[in-house]
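**Q** Please work out how this folds:
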Amino acid sequence: MRDLPATATLRAFEVATRHATFTSASEELHITQSAVSHQLKNLEAIWGLQLFQRGKSLRLTPAGAALAPIVREFFMNLTATLTDLRTQKERVRLKVSTTYSFALKWLLPRLPSLSRQHPEILVTLETTDNVINFSTDEPDVAIRFGSGNYPALHVEFMFREQVFPVASPDFLNRFGVPHEPAELLRYPLLTRDGADQVPKWASWFQHAGTGISTLKESVRFSDTNMTIEAALLGQGIALARSGHVETEIREGSLVRLFDMPFLSPLAYYFVCPKGIESQSHIISFRHWLLAESGKTRQAIDNI
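**A** This is a model prediction of the structure:
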């Protein structure tokens with residue numbers, strides 16, 4: 001620490017390393033030529049090293065050449081960090097809570113669009129499968145998957161998904177493509193265990209007009225993303241909500257089976273405590289979120 005000079009002295013050295021003369025260096029620093037020369041001599045005295053070979057033009061000594069990139073990187077990092085901190089200071093934080101699967105499959109891919117449209121909003125994303133209690137939990141707003149009956153909250157409908165079976169092309173090559181819903185009963189079916197929010201094979205078969213007694217289950221999963229991943233790996237047929245497999249169907253890594261509309265009884269809703277929906281940054285987020293939801297509704301209709 002005793003060898004650290006004043007920042008102005010270090011800055012004079014950094015500038016001088018990029019110029020051929022004290023005169024041109026002094027013009028960038030907006031100080032006199034003699035002041036530049038004095039600061040560099042002072043730096044050489046502090047470090048006990050000759051940094052420049054003086055003549056008609058400035059040339060770095062081996063010691064100066066070794067130190068120049070270190071000092072230059074210091075100023076670059078300092079400038080970048082200060083810029084980032086000042087930018088963040090001017091941004092407003094918005095804590096958004098949603099489920100992990102929805103955040104991963106739908107919200108995260110779209111957040112760069114929010115940043116481009118509203119760089120003043122800094123989103124903090126929190127994921128949980130538990131019901132949010134705004135009186136005790138920390139998020140400002142949430143995206144809930146449910147019935148939409150939240151009387152104590154400000155609620156706005158986002159979209160409702162379609163539910164349908166999906167399988168990988170490799171799986172269908174090995175087992176064959178089913179032509180009727182009843183044929184699925186002889187296929188290994190991937191089952192998502194747990195909450196009432198999860199799409200149920202029994203409900204889908206009932207909608208398809210197929211009575212079932214037992215299912216040929218392959219594996220039961222406690223997580224939606226694991227169920228979809230198992231389908232991608234060719235381990236069976238999964239019953240998926242459209243929002244979880246939108247990209248995979250578009251890219252061809254999963255295939256939708258049967259063109260039979262079956263809307264999920266539950267939907268996604270934007271919710272927040274009543275009164276804060278009129279705050280400017282929340283208005284911006286709401287408008288962006290609902291615009292993206294409108295695009296998803298159109299995409300669901302075209303699946």
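**Q** so residue 250 is in which element?
**A** Secondary structure from DSSP states H and E places residue 250 in helix 242-251.
**Q** counting contacts, what elements does that helix pack onto?
**A** Taking 3 or more C-beta pairs under 8 Å, 6 or more residues apart in numbering; DSSP states H and E as the contact definition, the neighbouring helices and strands of helix 242-251 are strand 163-167, helix 224-232, strand 255-256, helix 280-302. Where C-beta positions appear, they are placed from N, C-alpha and C, glycine not excepted.
**Q** 10 Å instead?
**A** Contact analysis of helix 242-251 by 3 or more C-beta pairs under 10 Å, 6 or more residues apart in numbering; DSSP states H and E lists helix 100-102, strand 153-159, strand 163-167, helix 224-232, strand 237-241, strand 255-256, helix 280-302 as its packing neighbours.
**Q** how about that helix: buried residues?
**A** 242-246, 248-249 (16 or more other C-beta atoms under 10 Å).
**Q** Check stretch 113-126 too.
**A** Using 16+ other C-beta under 10 Å as the test for burial, stretch 113-126 gives 114, 118, 121-123.
**Q** Stretch 12-28 now?
**A** The neighbour-count criterion (16+ other C-beta under 10 Å) identifies 12-17, 19, 22, 24-26 as the buried residues of stretch 12-28.
**Q** same question for that stretch, mean pLDDT?
**A** For stretch 12-28, the mean pLDDT works out to 89.
**Q** ok, and what's touching that stretch?
**A** Counting contacts by C-beta atoms under 10 Å, 6 or more residues apart in numbering, the residues outside stretch 12-28 that touch it are 5-6, 11, 29, 31-40, 42-44, 47, 51-52, 54, 56-60, 64-65, 67-76.
**Q** pLDDT, secondary structure and distance to residue 269 added to the buried residues of stretch 113-126, as a markdown table?
**A** A markdown table is the format used below for the buried residues of stretch 113-126 (pLDDT from 0 to 100; DSSP: H, G, I helix; E, B strand; the rest coil; distance: C-beta to C-beta, whole Å):
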| residue | pLDDT | secondary structure | distance to residue 269 |
| --- | --- | --- | --- |
| 114 | 94 | helix | 18 |
| 118 | 91 | coil | 21 |
| 121 | 90 | strand | 20 |
| 122 | 88 | strand | 23 |
| 123 | 91 | strand | 18 |
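**Q** Out of those, the closest to residue 97 would be?
**A** Minimum distance to residue 97 across the buried residues of stretch 113-126 is 11.1 Å, recorded for residue 123 (C-beta to C-beta).
**Q** now the closest one: how far from residue 103?
**A** If you measure residue 123 against residue 103 using C-beta to C-beta, to the nearest Å, the figure is 11 Å.
**Q** returning to what we had before: so of the helices and strands packed on helix 242-251, which one's packed in deepest?
**A** Among the helices and strands packed on helix 242-251, ranked by average contacts under mean count of other C-beta atoms under 10 Å, first place goes to strand 237-241 (a mean of 26).
**Q** helices or strands up against it?
**A** Where contact means 3+ C-beta pairs under 10 Å, 6+ apart, strand 237-241 is packed against strand 163-167, helix 169-175, strand 189-192, helix 201-207, strand 217-221, helix 224-232, helix 242-251.
**Q** What strands flank it, and is each parallel or antiparallel?
**A** strand 163-167 (antiparallel), strand 189-192 (parallel) (DSSP bridges).
**Q** Which of those strands sits closest to residue 180?
**A** Distances from residue 180 to each of the strands paired with strand 237-241 were compared using C-beta to C-beta; the minimum, 12.1 Å, belongs to strand 163-167.
**Q** CA atoms only: put that closest one into PDB for me.
**A** The C-alpha atoms that make up strand 163-167 are tabulated as PDB, following Å, rounded to 0.1, in the frame of the first residue of the first chain:
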ATOM      1  CA  VAL A 163     -53.200 -29.500 -22.600                       C
ATOM      2  CA  PHE A 164     -52.100 -32.400 -24.900                       C
ATOM      3  CA  PRO A 165     -49.800 -35.400 -25.100                       C
ATOM      4  CA  VAL A 166     -46.200 -35.000 -26.400                       C
ATOM      5  CA  ALA A 167     -43.500 -37.400 -27.300                       C
END
